[in-house]
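fold the stuff below for me.
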Amino acid sequence: MSRPPPAMLQTPGFAHYALAWSPFHTTRLAVASSANYGLVGNGRLHLVSVSPGPGGVPALGLDKYYETQDGLYDVAWSEVHENQLVTASGDGSIRLWDVMLNDLPIRAWQEHTREVFSVDWSNVQKDLFVSSSWDGNVKLWSPERPRSITTLHAHHSCVYQALFSPHQPDIIATCSTDGTMKLFDLRAPSYAPTLPSTNFSTPLAAAALTVPASTTEVLTLDWNKYRPFVLASAGVDKGVKVWDCRMAKTGGEGVGGVCEVALAGHEYAVRKVQWSPHRPDVLASASYDMTCRVWTTTPPSGRSHLLHIHDPHTEFVVGCAWSLYEEGVLASCSWDCRVNVFRV
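Model prediction:
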């Protein structure tokens, strides 16, 4: 039985970096894109709608887009306002948009000193979002405040992603070029000196747990939606790893985490990993090998962990996102300027 072709949307001239489904609207997607593959030039935020099409194949439509002065690397929908979302930009800025307005963002922040590579909105403490940057810092924000609430000097190198735990509002996980995955507890006492000091190398908060996840760069991570303190990580070493981080110690520096499963098969670096919101044992990965793959961590005896390979893309696949409302529906985005939506 042949699979139906994916729904596809082309955005010529703008290579994609990330996409996200709306938590309020079942058919609304946001896509963060950059001209010239994000190396130089402007960016675009695309708003995409998914509608039923002939033969049961959905159709994708471009509702509107917003131009930005620099490339966009990530996007996250607000968890409190159905029409608002934040973007991460190559010029170090973060912008808050309202899709009911046509031109300018409703708020902008400029605190990071290098590219902002990820943004994530807390789905537990819904008035907060977090950003991570190539400047090594992670910042906590409220859309109502003109400045960040907290800065974590998370790593001494690029922080590719920072994500709130979907189970505990005060836990943030990060991954970095230094090969580690770290968990931060925002309730822990800070390591800032009590006396005035110019020692900027002193972190504002120490990691509760450091997981040596790879000998190379860790480009992406995600929390399991059903199993607290279980995360997946992936990166330059081409593998997807599942970690049990229940060894975390609140308020102290720990090193640990047990690798439960290692999923091999990608031929190049893995740029994005995301757990299914519907199944505790299913996750998707997107790779520079131009595929998006779906895995199970609990295959039947003698069967492969690999469930599906999606390979219509003709360039790096850098983003994937599961539909929050419809089980088995996955969106992927690529440097080939295409968004695909398909059923696994």
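
Ala15 contacts Leu39, doesn't it?
No: counting by Cβ atoms under 8 Å, Ala15 sits too far from Leu39 to count as a contact (9.6 Å). C-betas here are computed from N, CA, C, even on glycine.

who has more neighbours out of these two?
More crowded of Ala15 and Leu39, by other Cβ atoms under 10 Å: Ala15, with 23 against 10.

quick one, phi/psi of that one?
Backbone torsions for Ala15, taken as degrees, to the nearest 10, come to phi -80, psi 140.

and what of Ala32?
Torsion angles, degrees, to the nearest 10, at Ala32: phi -100, psi 130.

check it and give its pLDDT.
In this model, Ala32 is scored at 98, pLDDT.

list the contacts for it?
His16, Tyr17, Ala18, Leu19, Gly43, Leu45, Leu72, Tyr73, Asp74, Val75, Thr87, Ala88 (Cβ atoms under 8 Å, 6 or more residues apart in numbering).

in a markdown table, list those along with neighbour count and pLDDT.
Listed next are those as a markdown table, based on neighbours: other Cβ atoms under 10 Å; pLDDT from 0 to 100:
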| residue | neighbour count | pLDDT |
| --- | --- | --- |
| His16 | 27 | 97 |
| Tyr17 | 28 | 97 |
| Ala18 | 26 | 98 |
| Leu19 | 24 | 98 |
| Gly43 | 25 | 96 |
| Leu45 | 22 | 97 |
| Leu72 | 28 | 97 |
| Tyr73 | 25 | 97 |
| Asp74 | 24 | 98 |
| Val75 | 24 | 98 |
| Thr87 | 26 | 98 |
| Ala88 | 28 | 98 |
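
all strands for the stretch 151-300 of the chain, in order.
With DSSP state E, counting those that start in this stretch applied, the stretch 151-300 of the chain shows strands at 159-164, 171-176, 180-185, 209-212, 218-223, 230-235, 240-244, 258-263, 270-275, 282-287, 292-296, listed in chain order.

show me what the next helix or strand after the last one pairs with in its sheet, parallel or antiparallel.
Remark: after strand 292-296, the chain's next helix or strand is strand 306-310, criterion DSSP states H and E. In the sheet containing strand 306-310, the strands it pairs with under DSSP bridges are strand 292-296 (antiparallel).

report the buried residues of the partner strand.
Residues of strand 292-296 classed as buried under the neighbour-count rule (16 or more other Cβ atoms under 10 Å) are Cys292, Arg293, Val294, Trp295, Thr296.

ok, which of the strands of the stretch 151-300 of the chain comes nearest Ser132?
strand 159-164 (3.8 Å; Cβ to Cβ).

which residues of this protein score low on pLDDT?
1-3, 55-56, 189-205, 247-254 (pLDDT under 70).

could you redo the last one with a cut-off of 80?
1-5, 37-40, 53-57, 154-155, 189-205, 247-257 (pLDDT under 80).

thinking again about what came up before, how about the buried residues of strand 292-296 in a markdown table, adding distance to His25?
Shown next, in a markdown table, are the buried residues of strand 292-296 (distance: Cβ to Cβ, whole Å):
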| residue | distance to His25 |
| --- | --- |
| Cys292 | 23 |
| Arg293 | 27 |
| Val294 | 24 |
| Trp295 | 28 |
| Thr296 | 29 |
